[in-house]
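In: Just to be clear, the model below is a prediction. Sequence and coordinates:
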Amino acid sequence: MTTTIDAPPLGPMLDDIVRSHRPPREAGSVPANIPSLAAVPFSRFGIAVATAAGEIFTSGDADVPFSIQSISKVFTLAMALRRDSSGALWSRVLREPSGSAFNSLVQLEVEHGIPRNPFINAGALVVTDRLMEETPDAATAVLRFLTGQTGEPGPFIDEAAAVSELSNSSRNLALAHFLKDFGNLRQSAEAVVENYVRQCSIMMTCAELAKAGLFLAREGRGTSGTVVSRSEAKRIGSIMLTCGMYDAAGEFAYRVGLPGKSGVGGGILVIVPGHCAISVWSPRLDAKGNSLAGSAALADLSDRTGWSVF
Ligand SMILES: NC(=O)CC[C@H](N)C(=O)O
């Protein structure tokens, strides 16, 4: 990695990324099961970089809250690992790329209720179930964690969006019932899906999300102390790289070369270990459920800066 944070100047570069990648016309899709996301204008585009040194650079709609959706899976995993000193979580969920859609049922049945990784829906349901063992209202605990990391009261749960997603959650309920049938869920399927959907409905801005993810770029050290150990931070980054973009993880690693986690709200969180956390948001999605313009912008940014783990 030859390029440093401030050369070339990051602020003007981010402005240029926004100019180049903000969608000029409607393209891509919105998720069918989350009605509130269809109402977000296609032309929204924001980007933020939070540096290990404590600086924050933003451009475009970086201060507009959006639904973090599956990006929440990174934070729930970090929270669960903090409570999992025995490593028992890893007997309930694997760490392998799935090569399947994030909400696929097929693999879970064939593989006897052990999800491939914590970043597909089945794996995230197991992680949420683990959090609920100590904290029944896990979604509120996730919100508190994020508020703590951003140092601002900004993040909030869009409860109306959660209610509407919950009434369209047959597939996630099916996954949860499969997990329960295989003995891999302690709480009821309904309670786990409700917490999961509420954690997905957390609203954050790009600036807040980049700040919240910074501990992963700083060997586990967050804004107010250690979040996870150095080796856990490395491992979460490894799972982001191999599984964070579902069945497009290989393509994203090829184009961007950095650990990332997407959500169907159109956000992507990316980690440059030792340097910074980047978040980008553009609401329209490709066929795999990843932000269309967001992925392109990150490929462009990593090419311009040389930021890569390779
Ligand atoms: N990939 C995602 O962001 C999926 C999250 C969404 N809440 C779902 O479960 O379908």
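Out: Sure, I can see it.

In: Make sure residue 124 is indeed in a helix.
Out: Yes. Assessed by DSSP: H, G, I helix; E, B strand; the rest coil, residue 124 belongs to a helix.

In: That one reaches residue 118, doesn't it?
Out: Yes. Between residue 124 and residue 118 there is a contact at 6.0 Å, judged by C-beta atoms under 8 Å. For glycine as for every other residue, the C-beta is placed from the backbone atoms N, C-alpha and C.

In: Mutual contacts of these two, please.
Out: By the contact definition C-beta atoms under 8 Å, 6 or more residues apart in numbering, residue 124 and residue 118 are jointly contacted by 73, 76.

In: which ones are touching the spatially most central residue of the chain?
Out: Residue closest to the mean C-alpha point of the chain, counted by C-alpha atoms, centre = their mean, is residue 71 at 1.6 Å. Contact analysis of residue 71 by C-beta under 8 Å, 6+ apart lists 209, 261-263, 265, 267-269.

In: give me the subset of those touching the ligand.
Out: Residues of these in contact with the ligand (C-beta under 6 Å from any ligand atom): residue 263.

In: Now the buried members of the contacts of residue 71.
Out: Using 16 or more other C-beta atoms under 10 Å as the burial test, the contacts of residue 71 include 209, 261-263, 265, 267-269 as buried.

In: residues in the stretch 201-310 of the chain within reach of the ligand, list them.
Out: Checking the stretch 201-310 of the chain against the ligand by C-beta under 6 Å from any ligand atom, the hits are 263-264, 289.

In: All the strands of this structure, residue numbers only.
Out: 46-51, 56-60, 66-67, 156-157, 202-204, 221-222, 225-226, 260-262, 267-272, 276-281 (DSSP state E).

In: And residue 88, how far from residue 181?
Out: To residue 181, residue 88 is 20 Å away according to C-beta to C-beta, to the nearest Å.
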